[in-house]
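1. predicted model follows, preceded by the sequence.
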Amino acid sequence: MANKIHDAFENVKADPALKQSTIQFLEGKRKKKQPMFSYVPIGKTVAAVCAMVLILIGIGGYSWLLTPVSYVSIDINPSMELALNRLDRVVSVTSYNPQGDELIKNLHLKGKKYIQAIYMITENDRLKQYLQLEEELVLTVAADSSKTALKAGVEQCCSHIGHGTRSVSVDVEVAQKAHDNGLSVGKYSAYLQLSQYDDSVTIDQCKKMSMAQIHSQIIEHEHGTGHGHGKGTNNTYEDTNQTEQEGEQETESDTEHGQETVSETKHEQGINTETEHEQEIEQETEQQKEEESEGHRHRRRRGHHGYE
């Protein structure tokens, strides 16, 4: 625009100073008429804002759908856990031992409703083998108090599965402690219950035990027959050896006691024998004394008769 003003005054014959001042004046007017900001249509602005909002909502919604808020563990000997979102759908699956890895490796559980995921696991042929061995299957729910429908649904699953399957509910805070210790919420909950009776039991021991073994020890303690260690732990053989050693010690003690009794009996017999011998000697001595006294009296009588 400035070049056009200069070009327009090129052919004007006038004082150079006047021409220059006129050009500056016109350029100043032009600058005042230009707005400070470029005009942008309102429609385009609204569209851009809406697009940004939708993007943010999409990102937040995706995160909302992937955030675990509750957990359902399935423990028998294989130990595995389903993490559920607010819609009770599976967002992740975690196994806590090699048996669990083998069981879920070919199952596509993500995105499934929790009931469908539970049945996919429990109706697997590998898990049915454990049920046929009368192993104990426990479904544990870790959720807040508002998840009543989830807890009721898991109980229905237990009734459908049968085989003595039972459900347990714990606070959702237990899940984080369980994961920190490398256990499912079900196995960790069972460990906490057993440790109330036996504070010597360790998490590593419970990792190697089935739910039936842990529950068996709990029942033993509840009935007052627990010994602090149950089958399935590293202390099984120690308990057996300890019992055998105690039995051997008791046998040795009985043997020693019997020997002492025999010795005492012999000693008493010896004392009785000595007593009898002494009595015999005393009787013989008395008899000799009586004989000597009788002979003395006889001699006195003979002497007396001869003097007369």
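-> Perfect, thanks for sending it.

2. tell me how many other residues crowd the residue nearest to I161 when sequence neighbours are not counted.
-> Using Cβ to Cβ, 6 or more residues apart in numbering and skipping the chain neighbours, the partner closest in space to I161 is T122 (5.2 Å). Any C-beta I mention is one placed from the backbone N, CA and C, and that applies to glycine too. Using other Cβ atoms under 10 Å, T122 has 21 neighbouring residues.

3. give me the distance between T122 and V185.
-> Note on T122: its distance to V185, by Cβ to Cβ, to the nearest Å, is 17 Å.

4. one more: R166?
-> 15 Å.

5. tell me which of the two has more neighbours.
-> Ranked by neighbour count (other Cβ under 10 Å), R166 and V185 place V185 first, with 27 against 14.

6. can you give me the distance of that one to S216?
-> 20 Å.

7. low-confidence ranges in the stretch 51-200 of the chain?
-> 51-62 (pLDDT under 70).

8. could you pull out the strands in it for me?
-> Secondary structure of the stretch 51-200 of the chain (DSSP state E, counting those that start in this stretch): strands at 70-75, 79-84, 90-95, 138-142, 166-170.

9. which strands border the first one, and is each parallel or antiparallel?
-> Strand 70-75 has the following strand partners under DSSP bridges: strand 79-84 (antiparallel), strand 138-142 (antiparallel).

10. helices of the stretch 101-250 of the chain, residue ranges please.
-> 114-122, 125-132, 148-161, 173-180, 185-197, 203-208, 211-222, 236-307 (DSSP state H, counting those that start in this stretch).

11. burial measure for the spatially closest residue to C157 that is not a sequence neighbour, as a count.
-> Excluding its sequence neighbours, the residue lying closest to C157 (Cβ to Cβ, 6+ apart) is I118, at 5.0 Å. I118: 24 surrounding residues under other Cβ under 10 Å.

12. what's the answer for D171, then?
-> 13.

13. show the contacting residues for it.
-> If you count contacts by Cβ atoms under 8 Å, 6 or more residues apart in numbering, D171 has them with A142, D144.

14. please report how far it lies from Y188.
-> Distance from D171 to Y188, by Cβ to Cβ: 12 Å.

15. which residues are in contact with both of those two?
-> By Cβ under 8 Å, 6+ apart, no residue touches both D171 and Y188.

16. how many neighbours does the residue nearest to I214 when sequence neighbours are not counted have?
-> Using Cβ to Cβ, 6+ apart and skipping the chain neighbours, the partner closest in space to I214 is A190 (4.6 Å). Neighbour count of A190, defined by other Cβ under 10 Å: 25.

17. for A190, which residues are in contact?
-> With Cβ under 8 Å, 6+ apart, A190 has these contacts: D75, V138, C206, M211, I214, H215, I218.

18. would you mind listing which of the residues you listed are buried?
-> With burial judged by 16 or more other Cβ atoms under 10 Å, the buried subset of those is D75, V138, C206, M211, I214, H215, I218.

19. what's near enough to touch the fifth one?
-> Under the criterion of Cβ under 8 Å, 6+ apart, the contact list for I214 reads K187, A190, Y191, L194, C206, G230.

20. looking at these, which is nearest T148?
-> Proximity to T148 was ranked across the contacts of I214 by Cβ to Cβ; first place goes to A190, at 23.2 Å.

21. please report the distance of the spatially closest residue to S210 that is not a sequence neighbour from V168.
-> Among residues not flanking S210 along the chain, N77 sits closest, at 4.4 Å (Cβ to Cβ, 6+ apart). According to Cβ to Cβ, N77 and V168 sit 17 Å apart.

22. before we move on, what about K112?
-> Distance from K112 to V168, by Cβ to Cβ: 22 Å.

23. now A83
-> In terms of Cβ to Cβ, A83 sits 17 Å off from V168.

24. got it, and K177?
-> With Cβ to Cβ as the criterion, K177 and V168 are 15 Å apart.

25. quick one: the closest residue to N181 other than its chain neighbours and E135, what's the gap?
-> Distances taken as Cβ to Cβ, 6+ apart place I203 nearest to N181, at 5.3 Å, with adjacent residues excluded. Here the criterion is Cβ to Cβ. By it, I203 lies 21 Å from E135.

26. neighbour count for the two, which is higher?
-> When neighbours are counted by other Cβ under 10 Å, I203 and E135 differ, and E135 comes out ahead with 19 against 14.

27. need phi/psi at that one.
-> phi -70, psi 160 (degrees, to the nearest 10).

28. which residues does it contact?
-> I76, N77, S210, M211, A212.
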